[in-house]
Structures are given as structure tokens and as C-alpha cells.
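3D, please:
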Amino acid sequence: MLLSLEILGFKSFPEATRVDLDTGITAIVGPNGSGKSNVTDAIRWGLSEQSARILRGQRMSDMIFSGTAQRRPMSYAEVVLTFDNSKRVFDLDYDTVSISRRYHRSGESEYFINKTACRLKDVNTLLVDTGIGLDGYSIVGQGKIDEILNERSDDRRLIFDEASGIVQFKSRKAESERRLERANQNLLRVDDILEELRRQADPLKQQAEDARRYSELNDRYRKLDISLSWMQIKDYEKQAGEAEENQNIATLELIDAEAALTAINKKNSRLDDEIAELEITVEAERKAHNELSVKLADTTGAIALSREKESSSEERLQQLEEEKLRLNEQISILANTVIDRQERHSQLEKQCKSYEGRLLEAKEALAEAVSGLSKSEKETDELRKGREELKDCLFQVNSELQSAKAENSFLQDHLNASVAELSGDQSDLNRAVFALEEVSARLEVLQAELALSEQVAEEMKAVRIEAERKLEDIDQSIIELRDSERQRAYEEDTLSRLEQSFEGYQKPVKDLMQAIRHKEELRTGVVGPLGSLLNIPEDLALAVDVALGAMVHNIVCDTEDTAKTLIDFLREHNLGRVTFLPQAALQVSKIGQGSLDALRTEKGFVGLASDLIKIRPGLENVLDYALGRVLIADSLDDAIKIARKSGRKYRIVSRNGDIMYPGGSMSGGSLSNRQSGLAGRPARIRALQEERLEIAQKIASIESEYNTALDRLHLAAASEEDSLSRLSQKRSVFAESEFDYKSKDNHLTALKSSVHKRQSAIEKTKEQIVSSLATYQDAEQKSVSLRAQIADLDDKIAKAETENRSASEQRELLRDDVTHLEISLQSLQEALQEINSNMQSSDEEEERHRQRIVDIDESIESYRLRIKTEQENIIKARSSLEVIEQQLIGLEQSLQLSSKRQVTMQQEKRELYLSLQSKSEQLGLLRSAKAKQEAAQERIVEQRDDLLNRIWETYNLTLHEIEDRTVEIDSPAQAKRERNRIRNELEAMGAINHNALNDYEALRNRLESSESQRKDIENARSELKEVISSLEHAMRERFQETFHRINQNFSPVFSDLFSGGIAQLSLSETEDILDADIEIRAQPPGKKLSRLSLLSGGERCLTAIALIFAILQLKPTPFVVFDEIESSLDDVNGQRFANYIKNYSDHMQFILVTHRKPTMEAADRLYGVTMQERGISRVLSMKLSNVDQE
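From the prediction side, this is the model:
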């Protein structure tokens, strides 16, 4: 009894839900879509149902609650079924047994029995023969009812097998058959292995002998090769020592040359320093010369200025002396006129008036003269100022002129020296270009030769690679062909054995043919099974196999008497039934040619089956009898069209095995793997034989190609090695020439750079000379212009001074006149006043004249001092000028000496440069020689290392180990010939299986082991056959007994449900009761006995229910789940079902998922499944017996 059902996360039950179950009837109800059928699915799932489709899902993860808008999905689902095991329904010593199943969304499944983890297999084993199995009758849904009602008896048999308890037997039988099949396959594999091992034995033995011979030759070759290599290594070491000694000598010479070059470089550097110091000295002397020139010009200008100042002072002194003389004369005149004043008083008065008129005119003339003289003096001062400025400019221009002249002289000397040096550099450059062109030409020739050698080496490598690829392709083709040959041989052998043992034919046919083979008296007149006589094209094998059907098992014989004899033999030995085709008695009915011609135009028409295949000569009427009225079409659509055109009179088979029967019925669909293929087996065997022969011919041809390709590979490898050797030599020569080229190219680049620098320097010097000449010419022009301007200004100043002096004299004269007039007027007035006032004004006028004379004397003294100062300045300037001129002469002499010394140093530097160039060339030659010595030594060391590497790679020997492995060699030449002979012999032996000795011994061990294994497999096959035979016997007995008892229960149950009538079960006639179809016949009240398919829907459903109860009476199950099996019953039959369940519930627990009112009324406990929240089911319970009591 099922005590409880616990659900968590399964489908629409996210919350933990427990359904407690009791004896009697429990009904689970609810509206459509509420999830009540999920309870049945939970029970199925908990009992290890593996089909998501049966559980109304697409995949197993659909069993887990997938969530709603308000609830998150769950990660796993779990169902726990708890059973009452007090009656030991399960083979466990517990009163209660729980089966749990948990499934995670990750795909992991867990099973538990009594909360102990277990396997799915353990759960299925526990449920076997309990009636609770998924394929039994403990859970019955509408689908199960449909399976019972289905015409296919396979589904129906599962219920009877479960009821009879032979499911476990079938499982054991199936397992034994699988083991037997595996044993058969293993036996075939072992036979194949034995055949292959035996086939390999002789060739492997020969290979082992070749390997032994190869090992002996290889040992001798190894000793000779190591010894000769050791001698060659010693020779290389000797050559390396000589090369090292030569290299040391070259190194010493190189060191001496480098020391000499260093000394020259030091001397050159010292000379450069002296030249630089001399240039600094010359530059300082030039600078001093320029400064003295400037100073000389300044002194000359100062003398000229002092002379002008002296001349001006002398002129002014002369003017003052003249004025003093005039004043003295006036004083004398005044002294002489005092006596006559009185007498002249009257005259003076007259004269005063006259003097006043004259004085007014003189003052006006004086004012005009003063104004003109002031303006003229200002203009003269401006001219003097302009002249001083021009003199300053002239002095500066003269300095620039001297500097430009000196610079131009220096640049010209530098240009001449640079041009001479450039000429020498260009000569060196021309020689270097010529030398580089020679090396370049030689390098181009070597490069072309190297490219040609590389191309040849690449071509040889490509030829060798192509030969290797060709060899590998041929070898792979041989392997593939041999594999194909083995596969076909295996398939041919298998099919031949099957054909010889008549495997695949029905057991009676097989037994009879084996008896005929062993009994001479039965052979007369027997031709053989029809399937073994046909030669069918492979593309028609399936169609012909389907068309023949069971006829392929028919045995062809000559007459009815022969057939009768064989039938008697079958009956006598209880071998079963066989159909015979007596050739003499066959009535052939073949489709006429006219009908065939009418159908040939139809699309997809292939032909008449008997015309498309062949049979053993003399048996044509048998072929016509079997296939003379069968047509072949390309497809089912073509077959339908042909059937329509032929009036559906013939059997038509498509290439895919679909059949159109006469009268219009059709058969088609997928074909089982048990499709015999017997009809095409002989043709396949012959085809395999032909294919094997063709493959063997191909292998022979390809092996010849293999040998040719191997020879080509050896030739290509030798050619490649020779081309690589020549290429190495070419590369060495090319590397030396390339080094020489780079050295000369670097030297040429240095010379070009030097020439370019000198050319640039010369151009720059020329530009500087042009610029200096332009500066000199510009300065000279400026000097001439300035001198002309100064001379012009001097003329203007002299003229202006003359004019000014004349104007000054005129002004003084006018002033004197005015003064004289004023004095005269004043004298007259004073004389008048003096006459009138004791004649005092004459003394005052005399005093003024005397005071004026004093002032003039002071001015004269001042001018005389100025003249003396200027004369002294001139004397000093002349003395300084003489000193400067002497210094300039000394500097010019010093500059001449420095220039001569510069020329001498430059000459010495050129000589050092030539010496340096010579030493550099000598050093380059020494370095080149040293590099050649190093390259030679490296080549020797490289050859030695290559030889050591080859010895290491070939023999895994170090240098110290080689000497220990050498043998004494009297004649190296003879040893080399022997080594070459052995190598040629080894190469002539071709590919050697070096593991052949071990492989041959292993092969012998494998042969013994495989033969022993074959005996073990044969023994296991015999034991398995005995087990299968005993299982079949037990299953037949148990099934026959159980079927009889169910049949006895079926009719009474049917009568109780239908209130009358009868029903019965029957088995179809077959050789094996286990393969027989189960037929159900029923006779409801008022009707005749008929097959189940002829009843109404409700009658068929109730009949199926009756069969379920008949089985339950035979072997009651702990519980039964009915999931709406009564849904198709009407109200009357539904009530009958409910009443019967009610009466039967005393003996069995019922769990009913229903929505029918009679069923709910019959229940003792009612569970309602609701979906208050969308997508979430909840269970509500009610015990109806309590409701009835209330």
C-alpha cells in the first residue's frame, strides 16, 4: 500500500505538499488546468520514469517548477513515495519502504531507498515483479487504456509479462543475448585477429631476419663511421691549431699596425692643437692690428682736429689784437680831442645831431649784421658737427676696410689650401670608387652564382620533399587499400560463413539445410533457399528483399516428391514448417509484355522485378513465380501513379521498400534493423570477391610505384646533400667578398663624406670671400664717399668761416661804428656835459676803452694758451702715431711669419693624412687577413662541431666517448670504401622493422593468447546459450500459466462490469508462445462475440478496464492509480465502474484522478487540487466517510 506522497518543486507544486493515503478509494479532483494530473505524474516520476514525453514535457528540466510572476523558479524537484512493506512486497526487511527521487536543474539526478543513496538500476530492480513497474498495471491512464485497445500487441504484452513475472526473465534473457552477441562479436574479432596474426607471422619472421642482418651490418657501419669520424676530428683539430697560430700572428701584426696608427693619430691631434693655437695667435694679432689701425685713424683725426682748433684760435687772436689796436688809437684820439672840446662844443652839438642820425642808421645796420652773422655761425656749427660725424663714420669704415682686407686675404689662403686638399681627396675617391666597382662586380657574379646554388638547393629540397610526400602518399594508399582489403575480406568471410551456416534464415530452414548438408539421401533434387540463388544489383537489394518477404526463406527443389520427402523429414524430427518451391509444379503467372510496354513510359518506372535480377541458370521459372508480377518503381509517388495506371492489379515496390498491393492497399514506413538482406547476400559476396581482387591488383601496382618512389627519394636526398655542400662553399666565398665590399664601401662613404665636407667648406669659403670682397668694396665706396663729403664740408666750412669772418669783421666794424658813433655822440654829449659839467665824461670814456683793452688782453692770453695746448697735443699725437705705425709694422711682420708657419703646418698635416691613410689601408688589409683566418678557423671548428653533432645525433656519443668506441684502422681509404659499401647495402635493404624480433616474439605470444581466448569465448557462448534456453523454457511455462489464469478471471470481471456477457483472451498461432499476439474478444449483453476493435468506444474502454481488474485479481498490486480512465464512459457505465471499484476496494488501494461524479461519490477520501495563485497548485483534503456520518 502507498502510505504517502510528498512533493516539492515538481511541476506546479513549488511548496512542500504531502498527500496521506489510506486503504480504500482516494479520489483526486479539480478543474481542468488545476494540476491534478501532476499528482499522477509525480507518482510516475518518483517510480523512475525516464521519458519526459510520458510525463507531458519536452525535457526532464520541465519537471522542475519554472516560476511565476510572483515566485522565483526552483533549482530542483523532489518526490518521496512511502510504501507499507509489512507483507514484504519489496525484497527488503523493512515494514515501510520509501523511494525518493531528486532532480537538479543542472541535470544531476539522485535516487534514494529509505533515504539511502542508490542507483536508478537499484530502484528498477526493487520494483521488478511487484506490479508497481511503470510498464505494468499499477498506474493506468487513458493512454494505458489506449495501449490495451491498440491493435499492436507489443504494448499489450507488457502488461501480461508484468503480471506473469517474466519481465525480469526477459531482462536477464536480453542481457544474456547481448552478452552472447558480444561473445559472437568477440569471437569474430578474435578470429579476425588470429587470421591477421597468422597472416603477419611469415612476413614478420622474414622482417625479423632482416632486422638481425641489418643490426649486424649497422654495428659494423657504426664502428667504422665512429673511427673514421674520430680520425677526421683529429685532423680538424690539427687544422684548427694551425689556423689559430696563423690568427695569433695576424693579431700581433694587427696590434703593431694599430699602435703605429694610434701614434700617427696622436701626432695628428697634436698638430691640430698647434694649428688651432697658431690660428688663435694669428686671430689675436689680426685683432690687435685692427685695433692699432683704428687707433692710428683716431690719432690722425685728433691731429687734424687740433690743427683746425689751432688755426681757429690764431684767427681769433689776430682779431682781438686788431681790436686792441683800434681801442688804443681811440684812446689816443680821445686824449688829443680833450683839449679841443670846448672849442668844439658848438661843433659837437651840431655833430651830435649828425651822429644821432648816423648812429640810428649804424644800429640798424649792426642789428642786421648781427642777425645774419648769428645765423651763419649756427649753419657753420651744423656743418662742423656733420663733418665730425662723417669723420667718425669714415674712421669706422676705414676699420671695416682694413678688417675686410685682412679677412679676404685669410680666406683666400684658406681657399687655396682647401682646393689642394680637395684635389687629393678626389684622387683617393676615384681610386676607392674603382676598387669598389671591382669588388661589386665580383660580388654580383658571386651573388648570381649563390642565387643559382640556392635555387638548385631549393629545387633539390623540393624534389626530395615531393619524393617523400609521394612516398608517404603511396604508403598511405597501400595502408588504406590493405585496410579496405581486410575489411572486405572480413565482410566476405562473415557473409560466407553466414551463407554456409544459413544464418538469418528461419530456424526450420536453417536446421533443414544443415541436415541436407550432412545427409546424402536428402540432397537429391534440393537446390537451396531462394535467397541464396539470386544475384541482385545493390541498388535494388532493399526493394527485392521487401518484395520477396518470407519467400526468401522458401527452399527450391525439383519436384513435389522431393518436397514431400523433406516435409516428412521436418515432421519426423519436429523441426518446424518450411515452404518449398517444386520447380516442376510451379504455375508461373507473369505480367505480359504489352502491359509492361504500356507502363515503361511512366516516370519512375524501373521494370519488372524478375527481369532486373538474375538467378542460377535453369531456375528462371522460379524467379518468374516469385517476382513475375512485381514491379519496381523509384519512389512511392511513382508507385502510386503506376498503380493507378495499371488498375491496381500488380504489386509495386519502391526502392525504399514501400509497397502498393493489388486492390489498393499500401505498406510503408521505416524498416527495422532486422531486415534480413538475405536475397542480396550472395551478390554481395561476389562483389566483395571482385573488389578484393581489384584491390590486390592495385596494391601490387602501387608497391611497384613505392619502390620506384623510394629510389627517387634516395637519389633526391643525395642530390640535395651535394647541392647543400656546394651552396655552403658559395656562401663562404660570398661572405668574404661581401665583407670586403662593405669595408671598401665604408671607406668610400668616408671619402665621399670628406669630399663633400671639403666641397661644402670651399663653397662656404668662396661665399665668405665674395661677401668679404663685397664688404671691402662697399667699405671702400663708403670711404671715398665719406672723404668727398668731408672735403665738401671742409670747403663749405672754410667758405662759411671766411664769410663769417668777413661778416664778423663787418659786424665789428659796424659795432665799432656804432660804438664810435655812440662814443662820439656820447663824447660830444659828455663833452658838452663836461663842458657843461666840468668835462668829466671824457675820462669815463677813456676808462671804458681801457677796460675793454684789459678784457681783450685776457682773451688774447687765453687763445695763446689754447694754441699752445693744441700744438702740444699735435706733438704728442705725432709721437703716438709713430709708435702705432711701428707696432703695425711689427704686427704685419708677425702675421706674415704666422701665415708661413700655418702653411708649413698644413703641409705637415697633409703628409700625416697620407701616412694615416696608408696605415689605415694597411690596417684594413691586416684586419681582412685576420677575419679570413678567423673565418677559416670557424669553418674548421664548425665542420668539427657538425661532425660531433652528427655523431651525437646518430650515436648519442660525446667527444670523450668517441675515442673509447673506435677500432684500429690500417687503411682509412679502404675503411671508407667498406663503410660506403655497408651503407649502400643498408639502403638497399629498404625500410627495416627494427622491432621485428620483439614483434615476432610478441606475435607468437599473441597467437597463443588469442587461441586460448577463443576457447574461453566458445565455452562462454555455450554457457550463454544454455542460460538463454533455460530462461525461454521458464518464461514459456510461467506465461502460459499466467495467461490461462488471467483468461479465467477476465470473463467473470467482464460479466460483473457489463451485468452479463462473456469475454475471452487468445494467442495467435506462432512457433514461440512468447512471440504470439494476444487477441481480446468480447460479447456484451445482447451482442455476438467479436474482436475488440468492433465494439463501441465505451464498450472497448470498459472491456480494457475489465482486463485490468482480471490481472489485478491474479496478482494484486499494492495500489492502483487510475488517471481518468473512465472519462470516455457514459453515465451508466461510469456508475458501473464506480460500483465495481467500491466493491473491490476492500482488497486493494485505489487512487483515482477523476472529474466524474459517480467516481467521486464512491471515494472514501477526497483531495481537491486548486490553483488559487496562478501557476501554483495546492491540495485540500476531505474524508467523505466523516461527512456521511455527519
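
quick one: mean pLDDT over stretch 779-795.
Stretch 779-795 shows a mean pLDDT of 79.

give me the contact list for it.
Applying C-beta atoms under 8 Å, 6 or more residues apart in numbering, the contact partners of stretch 779-795 are Leu383, Gly386, Arg387, Leu390, Lys391, Cys393, Leu394, Val397, Asn398, Glu400, Leu401, Ala404. For every residue, glycine as well, the C-beta is placed using N, CA and C.

now do stretch 1098-1114, average pLDDT.
82.

swap in stretch 335-343?
63.

and what of stretch 700-711?
Stretch 700-711 comes out at a mean pLDDT of 76.

ok, and for that stretch, which residues are buried?
Buried residues in stretch 700-711, defined by neighbour count with 16 or more other C-beta atoms under 10 Å: Ile702, Tyr706, Ala709, Leu710.

ok so, going back, so which of the contacts of stretch 779-795 sit within helices?
Leu383, Gly386, Arg387, Leu390, Lys391, Cys393, Leu394, Val397, Asn398, Glu400, Leu401, Ala404 (DSSP state H).

what residues does stretch 952-962 touch?
By C-beta under 8 Å, 6+ apart, stretch 952-962 touches Arg222, Asp225, Ile226, Ser229, Trp230, Ile233, Leu948, Ile951, Arg965.

distance-wise, check the third one relative to Leu986.
This points to Ile226. 16 Å (C-beta to C-beta, to the nearest Å).

more crowded one of the two?
Taking neighbours as other C-beta atoms under 10 Å, Ile226 and Leu986 compare with Ile226 leading, 20 against 15.

now the more buried one. Nearest residue, chain neighbours left out?
In space, and not counting its chain neighbours, Ile226 is closest to Arg965: 5.0 Å by C-beta to C-beta, 6 or more residues apart in numbering.

correct me if wrong: the one you found contacts Lys223.
Yes - counting by C-beta atoms under 8 Å, Lys223 is a contact partner of Arg965 at 7.2 Å.

where does pLDDT dip in the stretch 951-1100 of the chain?
For the stretch 951-1100 of the chain, the stretches flagged by pLDDT under 70 are 959, 994.

so which residues of it form helices?
959-964, 972-988, 996-1058, 1097-1114 (DSSP state H, counting those that start in this stretch).

got the angle between the longest helix belonging to the chain and helix 996-1058?
Criterion DSSP H: the longest helix present in the chain is helix 167-337. Between the axis of helix 167-337 and that of helix 996-1058 there is an angle of 110 degrees, by axes from the mean of the first three to the mean of the last three C-alpha atoms, to 10 degrees.

so which elements touch helix 167-337?
helix 153-164, helix 341-501, helix 681-836, helix 841-955, helix 959-964, helix 972-988, helix 996-1058 (3 or more C-beta pairs under 8 Å, 6 or more residues apart in numbering; DSSP states H and E).

now it and helix 972-988, what's the angle there?
Using the same axes, to 10 degrees, helix 167-337 lies at 120 degrees relative to helix 972-988.

restricted to buried residues, select the contacts of stretch 952-962 in PyMOL.
Those of the contacts of stretch 952-962 that count as buried under 16+ other C-beta under 10 Å are selected in PyMOL with:
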select buried, resi 222+225+226+229+230+233+948+951
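
make a markdown table from the contacts of stretch 952-962 and add distance to Asn656 to it.
Converted to a markdown table, the contacts of stretch 952-962 look like this (distance: C-beta to C-beta, whole Å):
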| residue | distance to Asn656 |
| --- | --- |
| Arg222 | 67 |
| Asp225 | 69 |
| Ile226 | 72 |
| Ser229 | 73 |
| Trp230 | 77 |
| Ile233 | 77 |
| Leu948 | 72 |
| Ile951 | 69 |
| Arg965 | 74 |
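
so which of the contacts of stretch 952-962 comes closest to Leu888?
Leu948 (84.7 Å; C-beta to C-beta).

drop anything exposed from the ones in helices among the contacts of stretch 779-795.
Leu383, Arg387, Leu390, Lys391, Cys393, Leu394, Val397, Asn398, Glu400, Leu401, Ala404.

from the residues you listed, which two are the most distant?
Top of the distance list for those (C-beta to C-beta): Leu383 and Ala404, 30.3 Å.

domain ranges for the chain?
Annotated domains of the chain cover 1-134+1126-1190, 527-554+576-677 [automatic domain parsing].

got CSV for those, with mean pLDDT, mean neighbour count and distance to Phe502 too?
CSV is the format used below for these (pLDDT from 0 to 100; neighbours: other C-beta atoms under 10 Å; distance: least, C-beta to C-beta, whole Å):
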stretch, mean pLDDT, mean neighbour count, distance to Phe502
domain 1-134+1126-1190, 85, 17, 37
domain 527-554+576-677, 85, 17, 7
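
of these, which approaches Ile1080 most closely?
Of the domains of the chain, nearest to Ile1080 by C-beta to C-beta is domain 1-134+1126-1190, at 17.1 Å.

now that closest one, how far from the centre of its chain.
Relative to the chain's own centre, domain 1-134+1126-1190 is displaced by 57 Å; criterion: C-alpha atoms, centre = their mean, to the nearest Å.

over to stretch 184-196?
48 Å.

same thing with stretch 865-884?
99 Å.

per-residue confidence averaged over it?
82.

please apply the same query to stretch 428-435.
According to the model, stretch 428-435 has a mean pLDDT of 73.

all numbers from here: first residue = 57
OK, 57 is where the count begins now, so the last one is stretch 484-491.

what does that stretch rub up against?
Contacts for stretch 484-491 (C-beta under 8 Å, 6+ apart): Lys800, His803, Leu804, Leu807, Lys808, Val811, Gln973.

and the first one, what does it touch?
This means Lys800. Ala488, Ala491, Leu492, Val495.

repeat that with 10 Å
Ala488, Val489, Ala491, Leu492, Glu493, Glu494, Val495, Ser496, Gly980 (C-beta atoms under 10 Å, 6 or more residues apart in numbering).

equivalent analysis for the fourth one, please.
Applying C-beta under 10 Å, 6+ apart, one finds that Leu807 lies in contact with Asp481, Gln482, Ser483, Asp484, Leu485, Asn486, Arg487, Ala488, Val489, Gln973.

what's the neighbour count on the residue lying closest to the first one once chain neighbours are set aside?
Okay, so that is Asp481. What sits nearest to Asp481 in space, not counting adjacent residues and going by C-beta to C-beta, 6+ apart, is Val811, at 4.8 Å. For Val811, the number of neighbouring residues by other C-beta under 10 Å comes to 17.

any idea how far Glu524 is from Leu766?
10 Å.

that'll do, ta.
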